[in-house]
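My questions are about this predicted structure, shown below with the sequence.
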Amino acid sequence: MKTKHAEDLAREYGWEYPAQYFEYIVESLINGQRQQVRDLFNEMSPDSKDVFLNQYLEDDNSFHTSTRRICVSELI
C-alpha cells in the first residue's frame with residue numbers, strides 16, 4: 001500500500017492541517033471504530049506516523065493513550 005504524508009491526507013478530506021487528520025483518527029476510536037483507526041494510521045507515511053505518535057498524542061490515560069496502543073500494535 002502506498003502511504004501519504006498527513007498533510008496530503010488532510011487535504012484529501014478537505015482539511016487545512018495535518019492535526020485535523022490526526023484528530024479524526026482519535027475521534028474514530030471515540031466512536032468505537034477501532035479498525036478505522038488502524039486503516040487511517042496505515043495510510044500515513046512513516047514520517048507522519050512518527051509525528052502522530054510522538055508529538056501529537058499525549059499520555060492522557062484516555063483516548064490518546066488507547067489510540068497510541070492500537071497504532072503501535074500496527075507497527076509490530
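Nice, thanks for sending it over. Please read all numbers here as calculations on a predicted model, not as lab measurements.

where along this structure do the strands fall?
Assigned by DSSP state E, the strands in the chain number zero.

which stretches of it have low pLDDT?
Residue ranges of the chain with pLDDT under 70: 1.

which residue lies farthest from the center of it?
No residue in the chain sits farther from the centre than Asn61, which is 16.9 Å out by C-alpha atoms, centre = their mean.

what's the spacing between Leu40 and Arg69?
15 Å (C-beta to C-beta, to the nearest Å). Where C-beta positions appear, they are placed from N, C-alpha and C, glycine not excepted.

who's more crowded, those two?
Higher neighbour count among Leu40 and Arg69: Leu40, with 21 against 10, using other C-beta atoms under 10 Å.

Now the more buried one: closest residue in space that isn't a chain neighbour?
Ile25 (4.8 Å; C-beta to C-beta, 6 or more residues apart in numbering).

and the one you found, what does it touch?
Neighbouring residues of Ile25 by C-beta atoms under 8 Å, 6 or more residues apart in numbering: Val37, Leu40, Phe41, Phe52, Thr67, Cys71.

For those residues, which single residue is the most surrounded?
Neighbour counts for the contacts of Ile25 peak at Thr67, which has 25 neighbours (criterion: other C-beta under 10 Å).

Quickly note the distance from that residue to Lys2.
Thr67 is 23 Å from Lys2, where distance means C-beta to C-beta.

And Ile70, by the same measure?
In this structure, Ile70 and Lys2 are 22 Å apart, going by C-beta to C-beta.

the more surrounded of the two?
Ranked by neighbour count (other C-beta under 10 Å), Ile70 and Lys2 place Ile70 first, with 16 against 5.

The more buried one - nearest residue in space that isn't next to it in sequence?
Val37 is the one closest to Ile70 (C-beta to C-beta, 6+ apart), at 5.2 Å.

from memory that neighbour sits against Asn31, does it?
No. Contact between Val37 and Asn31 fails when scored by C-beta atoms under 8 Å: they sit 9.7 Å apart.

and Asp50, how many neighbours does it have?
A count of nearby residues for Asp50, using other C-beta under 10 Å, gives 11.

How about Arg38?
16.

Now do the contacts for it.
Applying C-beta under 8 Å, 6+ apart, the residues near Arg38 are Ile70, Cys71, Glu74.
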